[in-house]
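Undergrad: dropping the sequence and predicted coords here.
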Amino acid sequence: MPDRSLPIEVPVDGLGRDVVYSASWQPPVWVPFLLLVTACVVVFVLYKRERRSVGIFRCGLLICCRLATVGVVVFMLFGWMRREYQTVLPDLVVLIDNSKSMSHEDPLVDVDSRERLLRELRQVGLSNAARINLARLVLLERGELLFKRLASNYNLQLYHLVSGDRGQPTLTTGHAVRAIVADGKSSQLGDRVRELLDYQRGRETVAMVVFSDGITTEGELLSEVAEDARQQGVPLYVVQLGNSRSLRDLRISDLVADRTVFPHDLVTVSVNLHAAGFSVADVHVRLREEGTSTPVTQAVISLNANQSRRVELSFRPDVEGVFNYVVEVDPQTEEQELANNQLSYTLVVQDYRIHVLFVQDYPSYEWRYLTTLLGRTLQRNASPGQSIELTTVLHQAEAEFVAESTMTLDTLTNEILDPKEIDVVVFGDVDPTRMSQELMERLRQFVVEHGGGSHFSQGRDLPH
């Protein structure tokens with residue numbers, strides 16, 4: 001690299017200069033060696049035969065001057081020439097991790113070290129000691145000296161780990177380094193390095209430098225790709241940023257619960273609670289209604305480091321309406337990501353009759369059981385009546401059954417299968433050959449276009 005006192009010339013389009021010295025006369029090695037040896041012997045013999053009119057020191061000085069003159073003459077006989085060529089600089093790939101974990105600021109125990117680091121960051125216009133800023137600091141400190149030196153000696157290729165335009169490098173300027181935002185949703189470190197290695201195949205690449213905290217959420221690990229880099233002849237240098245300790249994070253995820261229920265139904269809200277990087281004891285997981293601080297229900301949970309556990313919160317709504325709930329857990333000490341400490345949940349409580357159409361080919365035992373069970377389901381509130389209004393259709397039955405259900409499968413198309421009148425269609429053991437193409441298309445529209453429900457039961461005529 002050039003000396004700091006020398007001006008730095010940044011090449012254009014990755015072009016550089018190469019100086020080559022060549023000789024127009026290229027004799028065998030023994031020829032110049034023989035000339036020098038002969039000259040030395042002649043000089044020594046001549047001075048030995050002369051009278052010593054001068055002192056030994058002066059005589060030795062004269063011998064050296066004559067031998068130097070002979071050496072210069074022999075050197076000039078080669079006809080040395082200096083040629084300067086314009087060359088393509090070798091590539092230097094710099095990969096900066098801009099995943100979300102790089103926005104984390106690791107705490108420093110040593111106060112003096114932290115103050116010194118913050119002072120250096122402020123000198124280059126950076127506000128905090130986030131991991132992405134540490135990568136910027138390495139490249140931009142001392143007036144972007146390192147960055148300019150790399151750009152002057154190599155064809156600098158700057159890439160982001162998470163980028164929409166993955167095939168093109170970022171502009172190699174200090175402004176481009178400052179503009180990097182650590183907001184990537186995933187960290188595919190190994191896959192990205194392999195992609196860049198494939199892109200550099202066939203190009204002269206002096207090295208690949210990776211600024212990263214080493215966290216890989218998807219794809220290959222960096223250690224798995226390092227062997228391919230070695231076989232390709234590309235040195236892989238990893239600049240590790242941040243603390244090796246896992247991020248302290250207590251998060252709630254994977255909410256599972258009913259979205260629509262009747263009043264007084266038992267509602268169970270199940271969430272996954274995960275403690276990353278630390279242990280928690282007696283942490284409260286609460287379910288509360290949005291806009292209030294009083295919990296509807298809560299649970300006390302203890303977790304070891306990097307442990308997950310399903311938490312179930314159960315309650316019974318009393319009145320009808322649309323309710324917005326929040327499942328939350330208290331933030332912990334040194335926890336950076338607080339957005340995942342709660343989840344929202346909307347519950348619809350309504351009391352209305354569900355209109356069920358039960359289609360069966362013949363009155364089997366299952367048909368009798370289900371019609372009796374559904375017919376006895378009462379409404380949840382104090383109003384009289386049933387919560388399920390059941391309409392049954394039999395295709396073939398005895399007279400008493402036909403009297404109760406006089407409709408046939410053919411009448412379903414125009415009279416019964418109406419999405420405004422029916423919520424769910426239950427098909428028991430029905431011969432599929434008795435269902436017309438028009439009926440099947442009407443059923444498809446009922447489910448796909450109008451959001452109706454359907455259920456098919458296996459039987460004698462309707463196989464699995």
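TA: Thanks, I have the structure now.
Undergrad: which residues of the stretch 51-200 of the chain fall in helices?
TA: Using DSSP state H, counting those that start in this stretch, the helices assigned to the stretch 51-200 of the chain run over residues 56-77, 111-123, 131-153, 174-178, 189-199.
Undergrad: in the second one, what's buried?
TA: Yep, that's helix 111-123 we're talking about. 117, 121 (16 or more other Cβ atoms under 10 Å). C-beta here means a position set from N, CA and C on the backbone, and glycine is covered the same way.
Undergrad: and this protein, what are its domains?
TA: 25-78, 91-240, 249-349, 354-456 (automatic domain parsing).
Undergrad: of these, which is nearest E84?
TA: Set against E84 and scored by Cβ to Cβ, the domains of the chain come closest in domain 91-240, at 16.6 Å.
Undergrad: so V234 makes contact with Q200?
TA: Yes: at 6.7 Å, V234 counts as touching Q200 under the criterion of Cβ atoms under 8 Å.
Undergrad: more neighbours: which of these two?
TA: Per other Cβ atoms under 10 Å, whichever of V234 and Q200 has more neighbours is V234, with 21 against 17.
Undergrad: list the contacts for the spatially most central residue of the chain?
TA: Nearest to the geometric centre of the chain sits S186, at 1.0 Å (Cα atoms, centre = their mean). Taking Cβ atoms under 8 Å, 6 or more residues apart in numbering, we find S186 in contact with 99, 162, 217-218.
Undergrad: so what's the residue count around G184?
TA: Neighbourhood size, G184 [other Cβ under 10 Å]: 19.
Undergrad: pLDDT at the closest residue to it other than its chain neighbours, what is it?
TA: Once flanking residues are discounted, G184 sits nearest to V162: 2.8 Å by Cβ to Cβ, 6 or more residues apart in numbering. Model confidence at V162, expressed as pLDDT, equals 81.
Undergrad: contacts only, for V162.
TA: Counted by Cβ under 8 Å, 6+ apart, V162 has contacts 98-99, 183-188.
Undergrad: so what touches stretch 63-80?
TA: By Cβ under 8 Å, 6+ apart, the surrounding residues in contact with stretch 63-80 are 21-26, 32, 35-36, 39-40, 43-44, 47.
Undergrad: whoops, I mixed them up, stretch 425-433
TA: 356-362, 364, 366-367, 370, 395, 409, 417, 443, 446, 452-462.
Undergrad: just the mean pLDDT for that stretch, thanks.
TA: 80.
Undergrad: try stretch 121-129
TA: pLDDT averaged over stretch 121-129 gives 85.
Undergrad: same check on stretch 200-208?
TA: On average, stretch 200-208 scores 88.
Undergrad: mind listing what's buried in it?
TA: Buried, per 16+ other Cβ under 10 Å, within stretch 200-208: 200, 205, 208.
Undergrad: can you lay out those residues as JSON lines showing distance to P295?
TA: Below are the buried residues of stretch 200-208 laid out as JSON lines (distance: Cβ to Cβ, whole Å):
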{"residue": "Q200", "distance to P295": "57"}
{"residue": "T205", "distance to P295": "59"}
{"residue": "M208", "distance to P295": "52"}
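Undergrad: picking that back up, now the residue nearest to G184: how far from L46?
TA: For V162, the distance to L46 (Cβ to Cβ, to the nearest Å) stands at 79 Å.
Undergrad: immediately after the least confident helix or strand in the chain by mean pLDDT, which helix or strand?
TA: The helix or strand of the chain with the lowest confidence, counting by mean pLDDT, DSSP states H and E, is helix 399-404 at a mean of 52. Under the assignment DSSP states H and E, the closest C-terminal helix or strand after helix 399-404 is strand 424-427.
Undergrad: give the buried residues for that next one.
TA: So, applying 16+ other Cβ under 10 Å, buried residues of strand 424-427: 425-427.
Undergrad: can you list the buried residues in whichever helix or strand comes after that strand?
TA: For strand 424-427, the following helix or strand on the C-terminal side (DSSP H and E) is helix 437-444. For helix 437-444, a neighbour-count test (16+ other Cβ under 10 Å) marks 439, 442-443 as buried.
Undergrad: of the residues you listed, which is the nearest to A135?
TA: The closest of those to A135 turns out to be L443 (Cβ to Cβ; 59.5 Å).
Undergrad: give the contact list for that closest one.
TA: L443 sits next to 417, 425, 454 when contact means Cβ under 8 Å, 6+ apart.
Undergrad: give me the phi and psi angles of F456.
TA: F456 adopts backbone torsions of phi -120, psi 130, taken as degrees, to the nearest 10.
Undergrad: what helices or strands is whichever strand or helix holds D254 leaning on?
TA: Element membership for D254, per DSSP H and E: strand 249-256. Applying 3 or more Cβ pairs under 8 Å, 6 or more residues apart in numbering; DSSP states H and E, we find strand 249-256 packed against strand 267-276, strand 280-289, strand 321-329, strand 342-349.
Undergrad: ok, V177 to Y159 distance?
TA: To Y159, V177 is 12 Å away according to Cβ to Cβ.
Undergrad: what do those two both touch?
TA: Common neighbours of V177 and Y159 (criterion: Cβ under 8 Å, 6+ apart): I96.
Undergrad: picking that back up, which ones among the buried residues of stretch 200-208 map onto strands?
TA: Among the buried residues of stretch 200-208, DSSP state E puts 205, 208 in strands.
Undergrad: nearest to A130 among the buried residues of stretch 200-208?
TA: Nearest to A130 among the buried residues of stretch 200-208, with distances taken as Cβ to Cβ, is M208, at 23.3 Å.
Undergrad: measure the spatially closest residue to that closest one that is not a sequence neighbour to S99 for me?
TA: Counting by Cβ to Cβ, 6+ apart, V93 is the residue found nearest to M208 once chain neighbours are left out, at 4.3 Å. Noted for V93: a distance of 18 Å to S99, by Cβ to Cβ.
Undergrad: ok, now D431?
TA: 58 Å.
Undergrad: can you tell me which two in the contacts of stretch 63-80 are farthest apart?
TA: S22 and Y47 (36.7 Å).
Undergrad: can you give me the neighbour number for the nearest residue to S103 once chain neighbours are set aside?
TA: Leaving aside its sequence neighbours, S103 sits nearest to A182 (Cβ to Cβ, 6+ apart; 4.1 Å). A count of neighbours around A182, defined by other Cβ under 10 Å, yields 22.
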